[in-house]
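Enquirer: just coords:
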């Protein structure tokens, strides 16, 4: 009995030591998970709706747990300022232009804060900096979107059902295309014509490309020295000669224009009755009188010729004319 009584305090002490050890290990384990004994700094993010986020929830960056939610306070009327405790080792990785949003740990897990983005050219965050936030879709928002999509899918199904009924009943152009062989042949011919047209356009495009290539080749040849066009463009002496020739042609054209004007003036004067030529050309009575005069002159000339012949046959003058004829011989 005495031996048993002396061993009981030792056993009790051993159990107490084991309990204390287990408590210490548990404290350090939980502290390690909650980053209690790790050097950290705080940053903030203001959300419109934290969606069930509580103190102690994790903070993730690039899929890695980097801290916990330290505190939450209302900011203004309805917004929430979330204070996050971040490991000091992440100070150089999180940038000032990084963003924060509310997410979940798995499909239906605890709510977490996710830090993402950030340009490496921007300086790192400092203690108590404010991150920009992005509104995350809540479960209610996703359910509302899913419900709206279901309604749209139901409406589309109804529309397809109505269209299929119309096609089966032979209504509409699509039904005619499916059920009328003649319409199908016409559509097939139209497609063939379109293919032929496209082929023609392709041929024209190829020809146009060839023409453009030829024009480019001609332009390149014209830019080469040694041909007449290039010499004419670049030779200042030839250019001055051409310019002088054009000036002379212009002067000639002016002279021809003046001559034409003078001819027009003479023609207009000939059509008037205030000159002799105009009277002869335009006055029919003067023309008839001139014609009569010419006829009288012709008749007088004939009579004078007859009189001269009669004088030659006259015995009084016959000797004179014979002497004159001998003298001429």
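Expert: All right, it came through fine. In this text, all values refer to a predicted model and were calculated from it rather than measured experimentally.

Enquirer: Residue 322: neighbouring residues, count only.
Expert: 11 (other Cβ atoms under 10 Å). (Glycine included, C-beta is placed from N, CA and C.)

Enquirer: With residue 287 instead?
Expert: By other Cβ under 10 Å, the residues close to residue 287 number 13.

Enquirer: Looking at the helix or strand harbouring it now, give me its mean pLDDT.
Expert: Taking DSSP states H and E as the definition, one finds residue 287 inside helix 284-313. Mean pLDDT, computed over helix 284-313, is 75.

Enquirer: same question, stretch 130-143
Expert: 74.

Enquirer: Over to stretch 194-214?
Expert: Rounded mean pLDDT across stretch 194-214 is 82.

Enquirer: Under a three-state scheme, what state does residue 56 occupy?
Expert: Here residue 56 is recorded as coil under DSSP: H, G, I helix; E, B strand; the rest coil.

Enquirer: Does it touch residue 69 like I think?
Expert: Yes. Using Cβ atoms under 8 Å, residue 56 is in contact with residue 69, at 6.3 Å.

Enquirer: picking up where we left off before, quick one: list the elements packing against the helix holding residue 287.
Expert: When contacts are defined as 3 or more Cβ pairs under 8 Å, 6 or more residues apart in numbering; DSSP states H and E, helix 284-313 sits against helix 276-282, helix 315-328.

Enquirer: looking at those helices, which one has the lowest mean pLDDT?
Expert: Among the helices and strands packed on helix 284-313, helix 276-282 scores lowest, at a mean of 65.

Enquirer: got the contact list for residue 97?
Expert: Residue 97 makes contacts with 117, 118, 119, 122, 132, as judged by Cβ atoms under 8 Å, 6 or more residues apart in numbering.

Enquirer: which one of those is nearest residue 253?
Expert: Lowest distance from residue 253 to the contacts of residue 97 (Cβ to Cβ) belongs to residue 119, with 75.9 Å.

Enquirer: a helix runs through that closest one, doesn't it?
Expert: No. In this structure, residue 119 is coil, not part of a helix, as judged by three-state DSSP.

Enquirer: tell me, how many neighbours does it end up with?
Expert: 9.

Enquirer: the more surrounded of residue 56 and residue 69?
Expert: Neighbour totals were compared for residue 56 and residue 69, and residue 69 leads with 20 against 11 (other Cβ under 10 Å).

Enquirer: In three-state terms, label the more buried one for me.
Expert: Relying on three-state DSSP, one would call residue 69 strand.

Enquirer: which residues does it contact?
Expert: Contacts for residue 69 (Cβ under 8 Å, 6+ apart) come out as 53, 54, 55, 56, 57, 58, 59, 82, 83, 84, 85, 113.

Enquirer: from the chain's centre, how far out does the longest helix anywhere in the chain sit?
Expert: As assigned by DSSP state H, the longest helix anywhere in the chain is helix 181-223. Relative to the centre of its chain, helix 181-223 is centred 23 Å away, using Cα atoms, centre = their mean, to the nearest Å.

Enquirer: elements contacting that helix?
Expert: Packed next to helix 181-223, using 3+ Cβ pairs under 8 Å, 6+ apart, are helix 172-179, helix 228-234.

Enquirer: helices or strands next to the helix or strand following the shortest one in the packing?
Expert: By that I understand helix 228-234. The helix or strand immediately downstream of helix 228-234 is helix 236-270, counting by DSSP H and E. On a contact count with 3+ Cβ pairs under 8 Å, 6+ apart, helix 236-270 meets helix 228-234, helix 276-282.

Enquirer: re earlier: narrow the contacts of residue 97 to those that are buried.
Expert: Neighbour-count burial within the contacts of residue 97 applies to residue 118; the criterion is 16 or more other Cβ atoms under 10 Å.

Enquirer: Would you format the contacts of residue 97 as JSON lines with distance to residue 23 included?
Expert: Listed next are these as JSON lines, based on distance: Cβ to Cβ, whole Å:
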{"residue": "117", "distance to residue 23": "42"}
{"residue": "118", "distance to residue 23": "40"}
{"residue": "119", "distance to residue 23": "46"}
{"residue": "122", "distance to residue 23": "45"}
{"residue": "132", "distance to residue 23": "42"}
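
Enquirer: just curious, which of the contacts of residue 97 is nearest to residue 328?
Expert: Distances from residue 328 to the contacts of residue 97, taken by Cβ to Cβ, are shortest for residue 119, at 135.3 Å.

Enquirer: Quickly note the distance from the closest one to residue 19.
Expert: As for residue 119, its distance to residue 19 is 52 Å (criterion: Cβ to Cβ, to the nearest Å).

Enquirer: repeat for residue 125
Expert: Residue 125 is 43 Å from residue 19, by Cβ to Cβ.

Enquirer: what does residue 76 give?
Expert: Separation of residue 76 from residue 19 (Cβ to Cβ) stands at 48 Å.

Enquirer: if I read this right, residue 102 contacts residue 53, doesn't it?
Expert: Yes. Here residue 102 reaches residue 53: they are 6.0 Å apart, a contact under Cβ under 8 Å.
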